[in-house]
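A.B. asks: Build me a structure from this.
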Amino acid sequence: MVRQNISEDISRERQSVVRVAFAAWVLATLAFSLNLLIMLVLLVTKSDTKSVTSFFLALAIAIIGEPVSWLTWYKGAYNSQVSLLVGAGSVCRELLDTNACQPEGLEALASTPLLASLAHAPTSAVGV
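C.D. replies: Residues are numbered from 1 along each chain as shown. Okay, the predicted model is just below:
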């Protein structure tokens, strides 16, 4: 099951970026599906070798392209915008460690070298 909640996981100033990325992913998915439908119509109306090849190519692109674009493109954009605090909260839920979910546990978690370096890293290379 895929979980995403833009309004809770993403800071308010970054939500528009993620919403636009999601809309672009939906449009890409619709384009994959429309391409498959057009190739199906072409296959039914004009049964030659080229239309059969085009249909199976469109089918492969639709079957492979939609989940791969979700995982590599949209989900990457979504995960890059998730705030550090939500990430620490999800670590708490995954570990089921009640001490880590307390404020002092979050401070200890934030003091780890990796999370400390992330907290001081620039938020955007483009200046969004």
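A.B. asks: host element of residue 80?
C.D. replies: Using DSSP states H and E, residue 80 sits within helix 75-81.
A.B. asks: brain fart, residue 22
C.D. replies: Per DSSP H and E: helix 15-45 holds residue 22.
A.B. asks: check contacts around residue 36.
C.D. replies: The contact partners of residue 36, by C-beta atoms under 8 Å, 6 or more residues apart in numbering, come to 55, 58-59, 61-62. C-beta coordinates here come from the backbone N, C-alpha and C atoms, glycine included.
A.B. asks: State the distance from it to residue 8.
C.D. replies: Distance of residue 36 to residue 8, given as C-beta to C-beta, to the nearest Å: 34 Å.
A.B. asks: same question, residue 45
C.D. replies: 48 Å.
A.B. asks: Please apply the same query to residue 25.
C.D. replies: For residue 25 relative to residue 8 (C-beta to C-beta), the value is 19 Å.
A.B. asks: Compare those two (neighbour count), which wins?
C.D. replies: Using other C-beta atoms under 10 Å as the criterion, residue 25 and residue 8 rank with residue 25 on top: 18 against 9.
A.B. asks: Distance-wise, check the more buried one relative to residue 17.
C.D. replies: Counting by C-beta to C-beta, the gap from residue 25 to residue 17 is 13 Å.
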